[in-house]
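Peer 1: coordinates only, no sequence provided:
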Ligand SMILES: C[S@@+](CC[C@H](N)C(=O)[O-])C[C@H]1O[C@@H](n2cnc3c(N)ncnc32)[C@H](O)[C@@H]1O
């Protein structure tokens, strides 16, 4: 019997509507029994509906007398509207009739049918937050501290799913070699524009987890923004490096590769499950300079007494910069979260600073776009100490061809095809 992919998508989206959270395991478990064509359809429908939520709701609401409809009906309407507006491969009659089938109640079946049949008659919206489908409050919030063109750039790129990117393990192989192996597996990859060891996947042959380059530790899956972070830490072999908030170890292992696996890298995270992820990552890449420790970074000095030449605080944050892969984050956060995270982040930097040698460098980074968690954290920290020098990273960002905004405390990378928004602040301890 043919699998009803729309029904599977509907169930997942109903769960999302309740919880505002999509578990990757839920997606993967559906994908595991679909063929290639159904997988593509399922992924596009699910992520498309989440990505375009505000826009779809706006179209639907133009045709509803009473906007307060049950969530089950709203989700079905979004799915139908998405297929009509964005999926050229789906004929209109199928988008309408298959959506009507998802709805149980007879009266609502009629309503869904009527709305979807008239959907194409609605003229396009004019407001930017609708055209680029973002919650209005987030756009207004970004406008309160970012130039309009930066806000527009973030919104535009948030419409585009991020390509898969790899960081080639420079201690084990070369970009050319990895490209060759990938080609034998049917995957097309090209060198990335920004990070020295990056590859961008243009066409996926087999799943990356099954690829020889991952299994044999020749590369890691990592975006270009993350790959660039360690390049701002003035790393060299033999340094003692502390990576707080290290799991799953993307940046820890990048650091180890850059110091040629020579030196001591201590990777800290909050739980055993988390530090095990880092250990697994290091083992796969055959890196031996990494040790792990379970600790609460907000009280780091109770757990760690050694001092370090370099410290990375890649802090937990509201993750707004990950919206291309996780469009649901934009619909989950609220302004209180910005404040809550910023207090945690400041405590982490204060604690880590105490373990930094004079002349050493602490890099603070987040993958979010909020004033509270970026500029304000560093500003507050700098204002309470006399031994902090803020390092200007503008020239170096230019070298890596990364555009963004310098706020006097750090640099907010602005997105392009392979860069996602990332905030990087580099602080030197004066002696
Ligand atoms: C942004 S992620 C780090 C990503 C990682 N640096 C990488 O590149 O792969 C933030 C990490 O902070 C950890 N974390 C959150 N609160 C923490 C705490 N109080 N102490 C230690 N780690 C914490 C989380 O477990 C999570 O692994």
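Peer 2: Here it is on my side, so go on. Remember, it's a predicted structure, so these values are computed and weren't measured experimentally.
Peer 1: from residue 223, how far out is whichever residue of the stretch 51-200 of the chain sits closest to the ligand?
Peer 2: Among all residues of the stretch 51-200 of the chain, residue 167 sits closest to the ligand, at 10.7 Å; criterion: CB to the nearest ligand atom. (Each C-beta comes from the backbone N, C-alpha and C, glycine too.) According to CB to CB, to the nearest Å, residue 167 and residue 223 sit 9 Å apart.
Peer 1: higher neighbour count, these two?
Peer 2: Neighbour count, other CB atoms under 10 Å: between residue 167 and residue 223, residue 223 has more, with 28 against 25.
Peer 1: which one is residue 133 nearest to, not counting chain neighbours?
Peer 2: Spatially, and ignoring its direct neighbours in sequence, residue 133 is nearest to residue 55 (4.0 Å; CB to CB, 6 or more residues apart in numbering).
Peer 1: so the one you found, which state does it fall into?
Peer 2: Following DSSP: H, G, I helix; E, B strand; the rest coil, residue 55 is assigned to helix.
Peer 1: residue contacts, residue 59?
Peer 2: Taking CB atoms under 8 Å, 6 or more residues apart in numbering, we find residue 59 in contact with 81, 85, 119, 122, 125.
Peer 1: taking those one by one, which sit in helices?
Peer 2: Among the contacts of residue 59, DSSP state H puts 81, 85 in helices.
Peer 1: can you list the contacts of residue 59 in TSV and add distance to residue 278, pLDDT and neighbour count?
Peer 2: What follows is these, written out as TSV (distance: CB to CB, whole Å; pLDDT from 0 to 100; neighbours: other CB atoms under 10 Å):
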residue	distance to residue 278	pLDDT	neighbour count
81	43	98	26
85	43	97	18
119	48	96	21
122	50	96	16
125	45	97	15
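Peer 1: which parts of the stretch 301-431 of the chain sit against the ligand?
Peer 2: Neighbours of the ligand within the stretch 301-431 of the chain, by CB under 6 Å from any ligand atom: 314, 316.
Peer 1: returning to what we had before: could you report the neighbour count for the residue nearest to residue 133?
Peer 2: 23.
Peer 1: list the contacts of it.
Peer 2: By CB under 8 Å, 6+ apart, the contact set of residue 55 is 125, 130, 131, 133.
Peer 1: how far away is it from residue 265?
Peer 2: Computed as CB to CB, the residue 55 to residue 265 distance reads 45 Å.
Peer 1: neighbours of the closest residue to residue 175 other than its chain neighbours, how many?
Peer 2: Nearest in space to residue 175, with sequence neighbours left out and distances taken as CB to CB, 6+ apart, is residue 168 at 5.1 Å. The local packing of residue 168 (other CB under 10 Å) involves 27 other residues.
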